[in-house]
Every structure is written in C-alpha cells, then in structure tokens.
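Asks: okay, predicted coordinates and the sequence, questions at the end:
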Amino acid sequence: MKIMFLGDVMGRAGRAAIAAHLPRLRTEWRLDFVVVNGENATSGMGLSGDHAQALLNAGADVITLGDHAFDQKDMLAFIEKEPRIIRPINFSKAAPGVGARVFNAPGGRKVLVAQVLGQVFMKRPFDDPFSALDGILRQYPMGGQIQASLVDIHCEATSEKMATGHFCDGRASIVVGTHTHVPTSDAMILSGGTAYMTDAGMCGDYNSVIGMDKVEPLRRFITGMPKARFTPAAEEATLSGLYVETDDRTGKATRIEMVRQGGRLTQAGPI
C-alpha cells in the first residue's frame, strides 16, 4: 500500500499548500491512503469544522489533531459527526471523538490510524501513551484483519518519540512524530519493519518561527516582553511529511521517503 502522512498544517498558508499539492500527489504518486495532521490549520491554533472539511475535500482520508484538538470550539461537536477526524487517544476520558479507528482503503484493504500525546515537556500531563497504544495495537496486530497501521506520536521530546517508535516496532506499519513543526532527517525502517520518522515537520511557511510570523516571536526572545498575538506566517508554504510503501500481507514497511513539496524545502519524490 502507498501511504502518505503530512505534518502539522499551519494556518492559511498550510491549507493552501494542501489544496495546491495534495490532489496532484494522490494522482502522480498513486497514493492509496493519506493522513494529515491538521491541529494548527485554523489561525495556528486548532482546527475548525470548515477547515477540516477543506482538508478532506483536498484529498485527506484521515485528519489527526493534537494538544490543540479543541481550541476551536466547534470541533467539539464536529468530531462527533465526522469519523475521519482522530483526536489523541490519551487526551481526556471526557473528550468527544476517538483516538483510533480502522478505515477503508482501495481494494477492500483496512488501515488503522491512531494518535497519542507524549508526556515530556508538554503543558499538562496526559495519560500514559505507551499503555494506550499497547491496547489498540494488541487489538489490531499487523498481518491480521488490517493491512496497515499508522501511529501519530504528537509530543515535544525526540527521545519520547524514538522510544515510541521502538515500542511499536513490528506492531505498526508507520510511527511518525508531529508537534515541533521542524522536519527531522531520520526517516528509516526499524528492525521489526516499522517505518519511522521523529518529526514530519509542518505544512506551512518556513520563513517563520515554527510557522508563526517572525516579528512577535523575535521580540519576545530578545526583550522578554509580549506586544502582540502570534499570527501564522503567510508566504508560500512547504508541504512536508512522509511517504511509505507497505506489504499488504505482513503490514511491514518496504520503502520510506521524506516529502517536501513547494516553498523553501522542495525536493523530488517517488513517481
């Protein structure tokens, strides 16, 4: 199966990059399944129902969220009626929606998508991500009733993301990190057959401070004093993420490539 994961969509520029590139990539790369992290797509903080629908219309099969899952209040209701949106599995027992679900892919194949929040350096404590993942991966083992599985590990610490990758090695087809908005260069297939990358990066304007217009973050770093709200940078965005091919029989990854399209980080990809 040919699967693409795209990192945190950042504001209007990120949404424009998805709309501009994803329909073409689905055709040119013959993609079977696309997952997009959309938790910063609305003004850099959360995801509205309208913007979620735009990402789905552009070609996303599933949208994952993160620690800003419900910053846009209409998502509290929208996620209940849109099964293609996944919030973190360990966000809160009272949160609407679900943190893992099996989706249909072409040819009658099934794909498990799960998302989990890390604990290290996050603003508030979340439930244990490892036990949360263990339960869902035991329920849907690779080579069983699903043909592929993807885990979005949304957290700050690279060590925690790497630990999650090794914890899931041989149990998930893909483990990919989100949240920092900075793409890493460690795309690899682990020894048990799991495709892994510490952070997919963002779909946003890289002439910025992690997607935000540079002026206010620089002022705060230099003076220690806030003056204005952060606003997403608005120049041409780069679509960043991960492309993985998997074996339908075993669920293991057979190929992995970083994705960079448009903007400042463009690179070629598989055809």
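Replies: Right, received. Where do you want to start? Residues are numbered from 1 along each chain as shown.
Asks: can you give the distance from the worst-scoring helix or strand of the chain on mean pLDDT to the centre of its chain?
Replies: Least confident helix or strand, the chain: helix 215-223 with a mean of 93, by mean pLDDT, DSSP states H and E. The chain centroid and the centroid of helix 215-223 are separated by 28 Å under Cα atoms, centre = their mean, to the nearest Å.
Asks: if you count neighbours, what's buried in it?
Replies: Buried residues in helix 215-223, defined by neighbour count with 16 or more other Cβ atoms under 10 Å: E216. C-beta: built from backbone N, CA, C; applies to glycine.
Asks: what's in contact with that helix?
Replies: Contacts with helix 215-223, where a contact means Cβ atoms under 8 Å, 6 or more residues apart in numbering, come from V209, M225, P226, K227, A228, R229, F230, T231.
Asks: how about 7 Å then?
Replies: With Cβ atoms under 7 Å, 6 or more residues apart in numbering as the test, helix 215-223 has contacts from V209, P226, K227, A228, F230.
Asks: by neighbour count, which of the residues you listed wins?
Replies: Neighbour count (other Cβ atoms under 10 Å) singles out F230 as the most crowded of the contacts of helix 215-223, with 18 neighbours.
Asks: alpha carbons of the following helix or strand past the least confident helix or strand of the chain, as PDB, please.
Replies: Going down the chain from helix 215-223, the next helix or strand is strand 239-246, by DSSP states H and E. Extracted in PDB, the C-alpha atoms of strand 239-246 (Å, rounded to 0.1, in the frame of the first residue of the first chain):
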ATOM      1  CA  LEU A 239       4.100  20.600   2.200                       C
ATOM      2  CA  SER A 240       6.200  18.300   4.500                       C
ATOM      3  CA  GLY A 241       5.700  14.700   5.500                       C
ATOM      4  CA  LEU A 242       6.400  11.100   4.900                       C
ATOM      5  CA  TYR A 243       5.800   8.600   2.100                       C
ATOM      6  CA  VAL A 244       5.700   4.900   2.900                       C
ATOM      7  CA  GLU A 245       5.100   1.700   1.000                       C
ATOM      8  CA  THR A 246       3.900  -1.300   2.900                       C
END
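Asks: other SSEs contacting the next helix or strand after strand 239-246?
Replies: Beyond strand 239-246 on the C-terminal side, the first helix or strand identified by DSSP H and E is strand 253-261. Helices and strands touching strand 253-261, by 3 or more Cβ pairs under 7 Å, 6 or more residues apart in numbering; DSSP states H and E, are strand 188-189, strand 239-246.
Asks: okay, buried residues for strand 253-261 please.
Replies: Quick answer for strand 253-261 (16+ other Cβ under 10 Å): A253, I256, E257, M258, V259, R260, Q261.
Asks: in space, what's closest to Q119 - neighbours in sequence excluded?
Replies: Once flanking residues are discounted, Q119 sits nearest to F126: 5.9 Å by Cβ to Cβ, 6 or more residues apart in numbering.
Asks: pretty sure that neighbour sits against S92.
Replies: No: using Cβ atoms under 7 Å, F126 is not in contact with S92, being 8.2 Å away.
Asks: V9 contacts G38, doesn't it?
Replies: Yes: contact criterion Cβ under 7 Å: V9 and G38 qualify, at 4.9 Å.
Asks: what do the two both touch?
Replies: L55.
Asks: max-length helix in this structure?
Replies: In the chain, assigned by DSSP state H, the helix with the most residues is helix 11-28.
Asks: that older thread, as TSV, the helices and strands packed on strand 253-261 with mean pLDDT would be great.
Replies: Converted to TSV, the helices and strands packed on strand 253-261 look like this (pLDDT from 0 to 100):
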stretch	mean pLDDT
strand 188-189	98
strand 239-246	97
